[in-house]
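In: Give me a model of this one.
(one chain, ligands or ions: 2)
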Amino acid sequence: MKKIAVLTSGGDAPGMNACIRAVVRTARENNIEVLGVERGYNGLINGEFVNDGKTLEHRSVSDIINRGGTILYTARCPEFATEDGMRRAIKTCQEHGIEGVVVIGGDGSFRGARDLSERGIPCVGIPGTIDNDIACCDYTIGYDTCLNTIMELVDRIRDTSESHDRCSVIEVMGRHAGYLALNSGITCGATSILIPEVPFDIEKHVIERMQKTMRAHKKHFIIIAAEGVGIDVKELAKEIEEKTGVESRATVLGHTQRGGYPTAKDRIMATRMGNYAVKLLMQDVGNRVVAAQKDEIVDYDIFEALNMTKSIDMELYNVAHEVSI
Ligand code: ADP
Ligand code: F6P
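Out: Numbers count the residues shown, from 1 in each chain. Ligands and ions are numbered 1, 2, ... in the order given. Okay, here's the model as predicted:
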């Protein structure tokens, strides 16, 4: 391959920039030109590139390894799922001599990459999402940073919660998945962790657990709810206050969770995955997803990857609830 493109798609995630840097530098070290597509698949449809469509060089990606967000910008682009959008994207690739594309995003983005690969433009997907909800991967770029950010934010809430003998009910992101909630719940010793993968009953899983710890003289509480459970945390705080008599406050952490400088783990994994993706394209291999399993980087057929399922570690869930009482 002589020329490839790189784009970020879906929600941004810390570490995407480290990945872009690795893609660009690996490509240039191997004499491949690389274009930076702006705003996900929108940029591919409309022919919008960084640097007016000139190839990115080593120095184009200097000083970004430490930055959250994505220098390529990102977007959700419903048009890409249409025949017309796909046709225009292919035309852009042909006009610019793009022979392969690295797509950094979540499984929606991989569906787009699969469609493009099927139409003759080999694509390699790299999992970039704070949600860690990609079935073929133990880990996704941005997840580690987000988890650490939630831990730090909840530590701050805990200071004030403890000072006032309160219960803090905190909603964390994760879309339909509970990985961020479960693991952040462990890091902050949450009395209850509510996730979409495990059915729960507020009376039994929240109120009774709080009452049990109150009998053991516990006076402040953290309750973590994944956004995927669809609970209004303000309403839940009110219910807790009414039923337990513990003054309660609700916090939705929101987008503060998604920004910030990436952790060492996210920088290292993003760098390895970016390098791996370009090596696949160099062998003319497309329609693949790069995946992290334990400490190893592997790859899967996109179709196969999209059909895989991933479940919550129930042992971990049980440990969390056995210890935080
Ligand atoms: P994520 O990649 O984080 O899961 P989305 O689900 O929003 O985020 O998907 C990102 C983008 O991928 C969408 O805006 C769209 O451009 C593209 N996409 C999603 N689903 C499909 C699909 N079925 N076919 C083609 N493109 C898709
Ligand atoms: O997929 C990443 C994510 O941050 C999810 O956790 C959350 O549900 C969603 O994106 C929020 O999307 P938006 O940025 O459109 O508000």
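In: who in the chain is up against ligand 1?
Out: 9-11, 41, 76-78, 80-81, 105-109, 111-112, 115, 129 (Cβ under 6 Å from any ligand atom). To be clear about C-beta, it is placed using only N, CA and C from the backbone, and glycine gets the same treatment.
In: Next step: those residues restricted to strands.
Out: Gly105 (DSSP state E).
In: Now do the helices in the stretch 201-325 of the chain.
Out: Taking DSSP state H, counting those that start in this stretch as the test, the helices found in the stretch 201-325 of the chain are 202, 208-215, 233-244, 264-282, 302-306, 314-323.
In: Settle this for me: Met210 is touching Val246, isn't it.
Out: Yes - using Cβ atoms under 8 Å, Met210 is in contact with Val246, at 6.9 Å.
In: Please enumerate the shared neighbours of those two.
Out: Common neighbours of Met210 and Val246 (criterion: Cβ atoms under 8 Å, 6 or more residues apart in numbering): 167, 221, 240.
In: can you pull up the bridge partners for the closest residue to the last one other than its chain neighbours?
Out: Once its chain neighbours are removed from consideration, Ile240 has its nearest residue in Ser248; the separation is 4.6 Å (Cβ to Cβ, 6 or more residues apart in numbering). With DSSP bridges applied, the residues forming beta bridges to Ser248 are Cys167.
In: Pull up the pairing partners for the host helix or strand of Val6, direction included.
Out: Per DSSP states H and E, Val6 falls inside strand 3-8. The strands beside strand 3-8 in its sheet (DSSP bridges) come out as strand 33-36 (parallel), strand 100-105 (parallel).
In: ranking these by burial, who's on top?
Out: Burial of the strands paired with strand 3-8 is given as mean neighbour count (mean count of other Cβ atoms under 10 Å); strand 100-105 ranks first at a mean of 30.
In: That one vs helix 264-282, what angle?
Out: 150 degrees (axes from the mean of the first three to the mean of the last three Cα atoms, to 10 degrees).
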